[in-house]
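In: Just a sequence and a predicted model for now, questions to come.
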Amino acid sequence: MRNIARNHHYVPQFYLKGFSDPNLQNEQLHVIDKGERRHFVTTAPNIAVQRDFNRINIPGHSMDEIERQLAQIEGKVATVLRSIAENATLPEDDADMDYLIVFVAILAANNPQIRERLINRDREISRQMMQSLVTSREVYESRLSDLGMEDRIGYEAARAFVESENYTINVEDPFGYYLAVVFNGLYETVLPVFSTMDWSLVIAEEGETDFVCSDLPAVLFKVVNLIPHLQLPYTITSAGLILPNKATQINNTTESLELTMPLNPRMAIYATTFPTGYRMSPAYINKRTIDASTRHIYCSNLDFKFCDNEVMKSGWNLVDV
């Protein structure tokens, strides 16, 4: 009988190994717990993993079917990332670029942070439904009747219980509902947006910091862009008169999406829906990676730099030594 995978990495092991410390054995890497401000060393199998994270429970399908399909994608992407590291350029082959974009999209969408947001959304919906049920005795009795339910506790007790908020709403997902929600959103929303973005490779130059990784490495940001233009020093009225103006700069704004993701300690992806030719610095990309992380930052050493409110800091500033 085939072994069923139960430990599912939401950040793949092959990708994490790219951030290992070459001075350590067994491809170990450094982990910073930013909440506890501590640092430890471990290997990729021990991090960014959650039991049955990609599990499904559908008749006729193995519970690890999605996990195995993801492994096939990761096998293709591993080859693409090696090529990028060797050639210092993004893939010219459309199929390879598509695999890379799909991989980035999966990391951006299928992670515990997004999963928890969906669960919290449903908890809040359930809480609001309970509150609406006890707005009045008439509503309470009418809805129980519609549902064919027997009133075992009475309206006053039900209302007191709901208003006390002394309860916990547990959300279980035995069939992989939230996994389906994430992947439907990925194919219907995320990938169409990603296909319109301008993708570029940021390479750390000599003297610049290494890139760091995290438990949420593909980071999306909404950015407000200023589009300056110079007001002409005159105005032509509807009557054809030319009136003098003081030359001033007027700024229009537009919103865009930006994405950053480290590929290895010396290379990262930068994608945007509003290309300007701007090169984002490794220190600033590191700041985005650190801020977006749920808990852990992964790196080959703690000497990396990040720009925090125009102040350059290092990984050592994130731990209590």
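Out: Yes, it's here.

In: The residue positioned nearest the centre of the chain: what's it in contact with?
Out: Nearest to the mean C-alpha position of the chain, by CA atoms, centre = their mean, lies Ala108 at 3.7 Å. The contact partners of Ala108, taken as CB atoms under 8 Å, 6 or more residues apart in numbering, are 190, 218-220, 259. Bear in mind the C-beta positions are built from the backbone N, C-alpha and C, glycine included.

In: swap the cut-off to 6 Å and go again
Out: Residues in contact with Ala108 (CB atoms under 6 Å, 6 or more residues apart in numbering) are 218, 220.

In: My reading is that it lies in a helix. Confirm?
Out: Yes. Counting by DSSP: H, G, I helix; E, B strand; the rest coil, Ala108 is found in a helix.

In: Please give the number of neighbouring residues around the spatially closest residue to His30 that is not a sequence neighbour.
Out: Nearest residue to His30, sequence neighbours excluded (CB to CB, 6 or more residues apart in numbering): Cys299, at 5.1 Å. Residues near Cys299, counting by other CB atoms under 10 Å, number 26.

In: cool, Phe194 as well?
Out: By other CB under 10 Å, the residues close to Phe194 number 20.

In: if I look at it, how far off is Asn184?
Out: Distance of Phe194 to Asn184, computed by CB to CB, to the nearest Å: 15 Å.

In: Repeat that for Arg295.
Out: According to CB to CB, Arg295 and Asn184 sit 27 Å apart.

In: out of those two, which sits in the busier spot?
Out: Per other CB under 10 Å, whichever of Arg295 and Asn184 has more neighbours is Arg295, with 16 against 10.

In: For that one, give me its contacts.
Out: For Arg295, the contact set (CB under 6 Å, 6+ apart) comprises Gly35.

In: Quick check: phi and psi at it.
Out: Reported as degrees, to the nearest 10, the phi and psi values for Arg295 are phi -150, psi -40.

In: where in the stretch 201-321 of the chain is pLDDT low?
Out: Along the stretch 201-321 of the chain, the parts satisfying pLDDT under 70 run over 225-253.

In: residue ranges for the helices of it, please.
Out: Taking DSSP state H, counting those that start in this stretch to define them, one finds helices in the stretch 201-321 of the chain at 282-292.

In: Contacts only, for Val41.
Out: Val41 makes contacts with 28, 30, as judged by CB under 6 Å, 6+ apart.

In: State the distance from it to Thr89.
Out: Per CB to CB, Val41 is found 32 Å from Thr89.

In: domains of this protein?
Out: 12-49+198-321, 51-195 (automatic domain parsing).

In: of those, which approaches Arg6 most closely?
Out: With CB to CB as the criterion, Arg6 lies closest to domain 51-195 of the domains of the chain, at 5.7 Å.

In: and the closest one, how far out from the chain's middle?
Out: Computed by CA atoms, centre = their mean, to the nearest Å, the chain-centroid distance of domain 51-195 equals 14 Å.

In: Stretch 14-21 too?
Out: How far stretch 14-21 lies from its chain's middle: 19 Å, per CA atoms, centre = their mean.

In: Appreciated, that's everything.
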